[in-house]
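Asks: here is a sequence together with a model predicted from it:
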Amino acid sequence: MRRACAAANCPRPTIEVMTMRCLLPLLLCCLASTACNRGQPVQPATPMPTAAASASTTVDGVTLHTSTANIADLNEAVANRYGIDRAQDGVLLLVTVRDAAGNGTDPGDLQLAATVATLPDPPKPLELRVIRTDGMTDYIGVLRAAPPASVQFKLSATRGGSRAEIATTAELHPR
């Protein structure tokens, strides 16, 4: 057996000594963590707001930008413009159609097809509505889903013989 020190008459550490070596750092950590309170009551954690997921692609000279938002997070003006009831739970998919400079452009023969899946369920078609405002063309799709949910959107776009696909996800958290 290996000895703790070089001298033959040096006693080996006992269990009590080894326990104290382990307990002392643990006790110091406990004291340090309780000192951080400063006498104030502990505040419960607040949920983080859902960050909008976004993606973009270009198909035959037209830029498509997708973004998602929790319906409950929409402001009243946007909800009214899109005809969405903010009292219901769900996720909004917004698809904007712009030229390379970011200006509104005529979508022409642009064809969009979207699917949505609330994981782990399989994908299903998502209806997209056309919204025209101030010379801009947008498409929206609304999924009604109860939180918590992970939602996956896939968009397929064809125009002038070109094809592009976009996939994005969104996390729906309780209010």
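Replies: Structure received.
Asks: mean confidence score for the host helix or strand of R163?
Replies: Using DSSP states H and E, the element containing R163 is strand 162-172. Averaging pLDDT along strand 162-172 gives 94.
Asks: in that strand, what counts as buried?
Replies: Going by neighbour count (16 or more other CB atoms under 10 Å), the buried part of strand 162-172 is A164, I166, T168, A170, E171, L172. C-betas here are computed from N, CA, C, even on glycine.
Asks: over to stretch 111-120?
Replies: L112, A114, T115, V116, A117, T118.
Asks: same check, this time on stretch 92-100
Replies: Buried residues in stretch 92-100 (16+ other CB under 10 Å): L92, L93, L94, V95, T96, V97, R98.
Asks: can you list the low-confidence ranges for the chain?
Replies: 1-52 (pLDDT under 70).
Asks: where do the strands sit along it?
Replies: 54-59, 62-70, 90-98, 111-118, 124-126, 129-133, 136-144, 149-159, 162-172 (DSSP state E).
Asks: make a markdown table out of the ones you listed and add distance to A77.
Replies: Converted to a markdown table, these look like this (distance: least, CB to CB, whole Å):
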| stretch | distance to A77 |
| --- | --- |
| strand 54-59 | 20 |
| strand 62-70 | 14 |
| strand 90-98 | 14 |
| strand 111-118 | 25 |
| strand 124-126 | 24 |
| strand 129-133 | 12 |
| strand 136-144 | 15 |
| strand 149-159 | 24 |
| strand 162-172 | 21 |
